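K.L.:
Okay, here's the prediction I keep looking at, along with the sequence it came from:
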Amino acid sequence: MKKIKFGVIGLGQRGKGLLKVILMNMPTVEVTAVCDLYEDRVREGIDIVKEADGRTVYGTTDADELIHRADVEAVFIYSAWESHVPLVIECMKASKPVGVEVGGAYSVEQCWELVYAYEQTKTPVMLLENCCYDRRELMVLNMVRQGLFGEIVHCEGGYCHDLRDEISEGEQRRHYRLRNYLARNCENYPTHELGPIAKVLNINRGNRFVKLASFASKSAGLNEYINANMPDNQKLKNAHFAQGDVVTTVITCAGGQTIRLTLDTTLPRYYSRQFTVRGTKGMYEEVTDSVYLDGDGKHFKWKEEWGNGKAYAEKYDHEIWKKYLSDGVQGGHGGIDWLVMNDFVDSLTENRPCPIDVYDMASWMCVSALSEKSIALGGAPVDFPDFTNGAWLLNKI
């Protein structure tokens, strides 16, 4: 079995974990070089590979150096949000296929730069949006494709995750979220919820996003948390956080559908992605893990049906998950990390298009930049660029 020689950029908590749990166990991946801005993280990455298979790989704090090494054929990027697009473009220019972790864009222009770099180089690039591979999201996609929900009219999703400790301890953890929450006010992490919805609505494949409007609440959660839990941190106790506690974004589509996204990361709450699909014949909602199909006669006894997603999975699990359960679930986040990275690597070895391509990446990531503009304008609608330049009308699912 031929292995692809990968370089890994970014060895914080996410990158280090994926290197150890996923990459060192993938039969078609050979890690040959590791990189991080911090030397101690580079040493940890070298140690992880050494412990796993006895090899001593090259380590560097210079990402460009790693990208241009002869023993690096492709690259995984797990670094800070701000570095994603520049590093991906550098990989494409160096003809190195690249898989990159999720995050939002900082401008619409850089999304166009991504598209232009791909169209000039044709170097494969994939956004590693693991939530597109979640068991329920794929089950719902399968049900949608079979017509069980009828014509899809509206979808919802959220990144609802209490991150107050991670953000507040950003300096100690050397984590990029802190500086972003201090300086920006936007839907800063849109793709976990939007990716699966885009697949359901065939975005860039017969449909596209048209307009967006975003609204942000006040910022109060982080200040209260810091004053209660970090009273000696004078710098952050009195800091002004630009990021609103709850950001609501509404997107309209060419096909007439609407989408509501919620970012909710600085108030106490349980984790949820609020994945919801509404159609003329039925619905699914993640909050209660429930399917409702027209005609079952129980809409007034809805609570009795909460949690019935497991029963529907027995019949409608996606083929990807049927095989995965049969072969044995691997990796982190319930297995979806393995699925997304394995699909990227398989697309390279099989010479097929990346499942989440550069046009998806640009369309999903630009929500951050567009929402920042809309919020600054008091919630005014802003236009979505068509990164496919009309090809969405011809592209097939």
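P.N.:
Perfect, I can see it now. On a predicted model such as this, the values are computed, not experimentally measured, just so you know. Residues are numbered from 1 along each chain as shown.
K.L.:
going forward, measure contacts between C-alpha atoms and count neighbours the same way
P.N.:
Noted.
K.L.:
where's G157, which helix or strand?
P.N.:
Assigned by DSSP states H and E, G157 belongs to strand 152-160.
K.L.:
Which is the succeeding secondary structure element to the worst-scoring helix or strand of the chain on mean pLDDT?
P.N.:
Least confident helix or strand, the chain: helix 302-305 with a mean of 80, by mean pLDDT, DSSP states H and E. Moving toward the C-terminus from helix 302-305, the next helix or strand (DSSP H and E) is helix 309-316.
K.L.:
following that next one, which helix or strand comes up?
P.N.:
helix 319-327.
K.L.:
Distance from the chain centre to that following helix, please.
P.N.:
22 Å (Cα atoms, centre = their mean, to the nearest Å).
K.L.:
and that helix, which residues are buried?
P.N.:
The neighbour-count check on helix 319-327 (16 or more other Cα atoms under 10 Å) flags W321 as buried.
K.L.:
could I have that helix exported to CSV, CA atoms only?
P.N.:
Extracted in CSV, the C-alpha atoms of helix 319-327 (Å, rounded to 0.1, in the frame of the first residue of the first chain):
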residue,chain,number,x,y,z
GLU,A,319,-23.6,4.0,3.7
ILE,A,320,-20.5,5.6,5.0
TRP,A,321,-21.5,4.9,8.6
LYS,A,322,-22.8,1.4,7.9
LYS,A,323,-19.3,0.5,6.6
TYR,A,324,-17.7,2.4,9.4
LEU,A,325,-19.6,0.6,12.1
SER,A,326,-18.9,-2.7,10.4
ASP,A,327,-15.1,-2.0,10.1
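K.L.:
Let me see the residues that make contact with the least confident helix or strand of the chain.
P.N.:
By Cα atoms under 8 Å, 6 or more residues apart in numbering, the residues outside helix 302-305 that reach it are S290.
K.L.:
Next secondary structure element downstream of the longest helix along the chain?
P.N.:
Longest helix in the chain by number of residues (criterion: DSSP state H): helix 358-376. The helix or strand immediately downstream of helix 358-376 is strand 382-383, counting by DSSP H and E.
K.L.:
other SSEs contacting that following strand?
P.N.:
strand 209-216, helix 358-376 (3 or more Cα pairs under 8 Å, 6 or more residues apart in numbering; DSSP states H and E).
K.L.:
How is this protein partitioned into domains?
P.N.:
4-129, 131-321+359-393 (automatic domain parsing).
K.L.:
Format the ones you listed as a markdown table; extra columns: distance to G332.
P.N.:
Below are the domains of the chain laid out as a markdown table (distance: least, Cα to Cα, whole Å):
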| stretch | distance to G332 |
| --- | --- |
| domain 4-129 | 7 |
| domain 131-321+359-393 | 12 |
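K.L.:
looking at the ones you listed, which is closest to P353?
P.N.:
Closest approach to P353 among those (Cα to Cα): domain 4-129, 7.5 Å.
K.L.:
taking the mean pLDDT, what do you get for that closest one?
P.N.:
On average, the pLDDT along domain 4-129 is 98.
K.L.:
related to what we said a few turns ago, dump the least confident helix or strand of the chain to CSV, keeping only the CA atoms.
P.N.:
Output of helix 302-305 as CSV, limited to C-alpha atoms (Å, rounded to 0.1, in the frame of the first residue of the first chain):
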residue,chain,number,x,y,z
TRP,A,302,-44.1,15.5,20.4
LYS,A,303,-42.2,15.0,23.7
GLU,A,304,-43.2,11.3,23.6
GLU,A,305,-41.2,11.0,20.4
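K.L.:
List the buried residues in that helix.
P.N.:
Buried residues in helix 302-305, counted by 16+ other Cα under 10 Å: none are found.
K.L.:
and V34, that's in a helix?
P.N.:
No. Counting by DSSP: H, G, I helix; E, B strand; the rest coil, V34 is not found in a helix; it is strand.
K.L.:
In contact with E101, which residues?
P.N.:
With contact set as Cα under 8 Å, 6+ apart, E101 has these partners: 77-79, 84, 127-129.
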